[in-house]
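K.L.:
Can you look at this prediction? I've put the sequence above it.
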Amino acid sequence: MAIDILIAEDEPSILESLDFILRRAGWNVSAVTDGDSVLEAVRRLRPRLVLLDVMLPKRSGFDVLKQIRASAELAAVPVLILTAKGQQQDRRTAEELGADGFVTKPYANADVVGAVRALLGDIGGAA
Amino acid sequence: MLSADFVIATAVGYVGLLFVLAFFGDRRARANTKSFLHSPAVYTLSISVYCTSWTFYGAVGNAARSGLEFLTIYLGPTLVFVGWWFLLRRLVRISHDQRITSLADLLSSRFGKSNRLAVLVTCIAVIGIAPYIALQLKAVTSSIQAVAGSSEFGQGSLAGIDDVGLAFGIAAAMALFTILFGTRHVDAKEQHHGVVAAIAFEAVVKLAALLGVGIFVVYVGGGLEPIFRRAAEMGVSAPTENSFGDRWVTTLVLSVAAIVCLPRQFQVTVVENSDESHLRVAGWAFPAYMLLMSLFILPIAVFGLTVMPAGSNPDMFALTLPMFYGQSPLALLAFIGGFSSATSMIILESIALSIMVSNHIIMPLVLRFSSGQPSADGQGVSHLLLVARRVSIILILSLGFFYFFFTRDSNALAPIGLISFTAIAQFFPAVLAALFWRDASLKGATAAIAAGFVIWVWCSFLPSFESVSPQVAMLVQHGPWGIAWLRPEALFGLDRLDPLSHAAFWSLTINVVTLTVVSLLTKQSALERIQSTLFVDVFRRGAAQRGNFVRGSATANDLFFVAERVLGERRAAALFETAAREIGVDPDMLEPSPAFIGKLERELAGSIGAASAHVMLSKVVSGSDVSLEEMMQMADETQQVIEYSQQLEKTSAELRSTAQKLEDANTQLRELDSQKDEFLSQVSHEVRTPMTSIRSFSEILLDPQGIDDVQRQHFVSTIHQESLRLTRLLDEILDLSALERGERSWENRPVDAEAALERALQVCDALLRQRDMRVEQGPRAGCTMVEGDADRLCQVFINLISNAVKYNNATKAVLRVTSSVRAGSYVVEIADNGPGIPKSERTLIFEKFSRGQHGASDQSGAGLGLAISRQIIARMNGTLDLVPSPLGGACFRVRLPVVGAG
């Protein structure tokens, strides 16, 4: 089963909520909980989109984004940045590094689904 | 046989000769500047005007009364002239540079061209010299009377005329003579070549006369040795017991001062000097002259005491001895010699004094009361000056005569001279200071001279009237109102010195002390500073070519107008033509340069004194011009501005440093502000995380499609837990914030720390067991009391233990807890064998929101635990530190002071 979305989020309850709403919207979801595991997971799972938290243990989300964009093989994957710090600076950093979208915590579930849907160009697998 | 008539006739004839001499001498000197009249010989002879009739007659009398004391009167000047390089050369150079015309002018010029000082000096000189002039009158009178009294025949037409009448006649004649001699014209340098020629001639005459008498005495007495032997046989000898006592020292000092400060000596030595190198010759020739003068004084005195009838006036021995032996021509020569001594002194002294009086008293008054310009009458200032001088001469001789009149009954000549010497010596400290002491100030000099003069009047001048006034005698005896310590001859109880030494001691001591103290306490004016430099550094600079005025609107015409009035048309024109030639322009086109105005001032100063010249030129030049003083004032103001701006600079430096401090404070504030931002951002992050879960799950529950009951239950419980987490976070933030403000939510009281530690271990027991962590019990302190709060202390221990558990990912996790009491402190160490804390994080772990990066499987904490723990321990006056762990992981050490321990 192809993975639609890889979630990189260290807060268990947030990860659980994201997993729930995205699955309910019809996508296949997989997750990692630290920065170091993201790249390997993207390579292995080939998700259609990465939902990336900025404040990850071991390696920050920006760092991970940089690595993804630097890798010829992975550069094309859309990345949606997820952060609690809704400041302008973070948004700009994310855009400069090639983020495709930006979602601020606390988010409205519909916003997350909408952003993912916009990037994936479909309405979700099941729904 | 000599008669008074004959003697007087001879004297008049002699004076006539002098006048002719002076007249032709003047002509010759003007026609030919290389004439012998400009020779060092004439200069030296003129200086010997020092030897007055006091020397001629009085020294013999003095020798007869006091032995060798008379020598000091010559020794002092000898010292000065032998050491001329030190003092006189300086004096002469300065006086030439500055066109000094008198001692008063010298002091006035040095002390900021102060006319007040000049007036003071002039007045004191006039009063102080009066006894000296009286002395000459007395000597001449006595000598004529000696001739007259020698026989009935000698009386001649003098019969019926008393000594007062005689003295008056002499004084009047002298006044006339001096006016004819000394005030024929006004010279820029106040040089009187004719007079000097006559004085030099008189010097030869008096030396010849005294030597003649001396040789005659030796001849009659059969040689020097028989004279003294016979005197010894007769029991006559000059007293010697007191020769080298205080009086000896006093007269030495006074004569040193006198040779410099006596107005006539200043006139001949300094003002009449036309060539500095003449001093070189005078340096040995003048002492030699005095040696010759004093050679026969002792033999004459001793011989006179031996052969003359008892009761003869020893002062007149030089005259009466030849008469006694019937040697009329020699007696006449002696008389003429004595007369020469007296006349030369009177002429020069009154000329010198009249210059001072007219330049420093009369001219300034005229300048003050004339409105700006000198009187426009044809003769101008020059004429006025001559009149002023003539009046001055009459005044001065009158004073001398009155002094003579009041003290005529006093017998000896020498003491009178010494009274004058003491008065004149009051100038000496100021003169020395003027030449050598840069800081001597006008106020110092004025006060010193005035104080010295007052003491002199009280201690020396007043007592000289003792024999003629019973009141004065009473005063001398008992002091004013019977105050003994104010007695004129025993001031402040000093009664061991003789009156002369006493007066000299007190007046000069107070003079010098006043000069020193007042000078040190007062500030020099700008002009004083300039003049003091010109004087003190006279040999360090080149010729003083300073312009005393800056260039101004004064035209050459204005200046010529002034110069003409003072110097006369011819000299003024010559001066302007020379100046014009020097810069190569037509005299009519001459632009007065500062140098020229300065030169003109000096020329004018030569005629009317430095102060008057300065005032006079200031009046002309100051139209839109600025005088030197004003320049200096401006300079002073500039200086003030500079100082002010320096102050400003200092102030602005202070401002800068204040601004710097403010900036630092601002940086600090910004730093704090950014820390606050950082804190808020951290808080925001920590708050948003649970908020995110709560919001997300709430939204899921609001749209309940596809959620079973189990899920619903789970989501609600998550929301609940996240809410608790949020509450806990906010509590922690508030707690930490209060702790950081130094607040304490508890009372420090003695608690058993060991019990708190034990309780913490029990609370954490479940957690430890859950992680399968072994607790290694190290040595324990047992019950130990510390100041604090049991719950809070327990909270800290729980925090430390749970950290050790949470961050420990070792397979065989170990926790080691030890406690002990060391040096009055209760010390707990909680160590683990976890990954430890990397060096880079060691300083950060106590910061807010700082969480270890490694092995944090449970990240529910906000990272405030250690920060709060550290604050709590600090509030209990203890410390919480990270120390090396015995187990290789982290080790936290809590240290708290034990209650009651030192």
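P.N.:
Ah, there it is.
K.L.:
what's the residue of the stretch 301-450 of chain B found nearest chain A sitting at in phi/psi?
P.N.:
Per C-beta to the nearest C-beta, B:Asp439 is where the stretch 301-450 of chain B lies closest to chain A, at 73.1 Å. All C-beta atoms are positioned from the backbone trio N, CA, C, and that covers glycine. Main-chain torsions, B:Asp439, degrees, to the nearest 10: phi -90, psi 0.
K.L.:
what does A:Val50 give?
P.N.:
The phi and psi torsions at A:Val50 (degrees, to the nearest 10) take the values phi -110, psi 120.
K.L.:
Hmm, it is touching A:Glu9, no?
P.N.:
No: applying C-beta atoms under 8 Å as the test, A:Val50 and A:Glu9 come out as separate, 11.0 Å apart.
K.L.:
can you tell me the helix or strand for B:Arg780?
P.N.:
Using DSSP states H and E, B:Arg780 falls within no helix or strand.
K.L.:
Just to check, A:Gly101 is in contact with A:Ala115?
P.N.:
Yes: contact status for A:Gly101 versus A:Ala115: in contact at 4.8 Å, counting by C-beta under 8 Å.
K.L.:
Overlap in contacts, those two.
P.N.:
Counting by C-beta atoms under 8 Å, 6 or more residues apart in numbering or on different chains, the shared contacts of A:Gly101 and A:Ala115 are A:Leu80.
K.L.:
so what pLDDT did B:Ser519 get?
P.N.:
pLDDT for B:Ser519: 88.
K.L.:
can you check A:Arg48 too?
P.N.:
According to the prediction, A:Arg48 has pLDDT 90.
K.L.:
re earlier: so for A:Val50 and A:Glu9, which sits in the more crowded spot?
P.N.:
A:Val50 (28 against 25; other C-beta atoms under 10 Å in any protein chain shown).
K.L.:
so how far is chain B from the more buried one?
P.N.:
19 Å (C-beta to the nearest C-beta, to the nearest Å).
K.L.:
Name whatever forms a beta bridge with that residue.
P.N.:
A:Leu6, A:Val79 (DSSP bridges).
K.L.:
measure stretch A:24-37 end to end?
P.N.:
25 Å (C-alpha to C-alpha, to the nearest Å).
K.L.:
Buried residues, it. List them.
P.N.:
A:24-25, A:27-33, A:35, A:37 (16 or more other C-beta atoms under 10 Å in any protein chain shown).
K.L.:
Buried residues, the helix or strand of chain A with the lowest mean pLDDT. List them.
P.N.:
Ranking every helix and strand in chain A by mean pLDDT, DSSP states H and E puts helix A:88-96 at the bottom, with a mean of 80. Neighbour-count burial for helix A:88-96 flags A:90-91, A:93-94 (criterion: 16+ other C-beta under 10 Å).
K.L.:
Any chance you could list what contacts it?
P.N.:
A:54, A:62, A:65, A:81, A:83, A:102.
K.L.:
Can you name the element that comes right after it?
P.N.:
Counting by DSSP H and E, what follows helix A:88-96 is strand A:101-104.
K.L.:
In chain A, mark out all the strands, start to finish.
P.N.:
A:5-8, A:29-32, A:49-53, A:79-83, A:101-104 (DSSP state E).
K.L.:
so which of those comes closest to B:Gly182?
P.N.:
strand A:79-83 (115.5 Å; C-beta to C-beta).
K.L.:
In what element of secondary structure is the residue nearest to B:Phe401 when sequence neighbours are not counted found?
P.N.:
The shortest distance from B:Phe401 to any non-neighbouring residue, by C-beta to C-beta, 6 or more residues apart in numbering or on different chains, is to B:Ala171 (4.3 Å). Using DSSP H and E, B:Ala171 sits in helix B:163-182.
K.L.:
ok, then the element right after that helix?
P.N.:
The helix or strand immediately downstream of helix B:163-182 is helix B:193-221, counting by DSSP H and E.
K.L.:
Give me the buried positions along the next helix or strand after that next one.
P.N.:
Downstream of helix B:193-221, the first helix or strand assigned by DSSP H and E is helix B:224-233. Neighbour counts over helix B:224-233 (16+ other C-beta under 10 Å) mark B:227-228, B:230-231 as buried.
K.L.:
by contact count, what packs against helix B:224-233?
P.N.:
Contacts defined by 3 or more C-beta pairs under 8 Å, 6 or more residues apart in numbering or on different chains; DSSP states H and E place helix B:224-233 against helix B:193-221, helix B:297-307.
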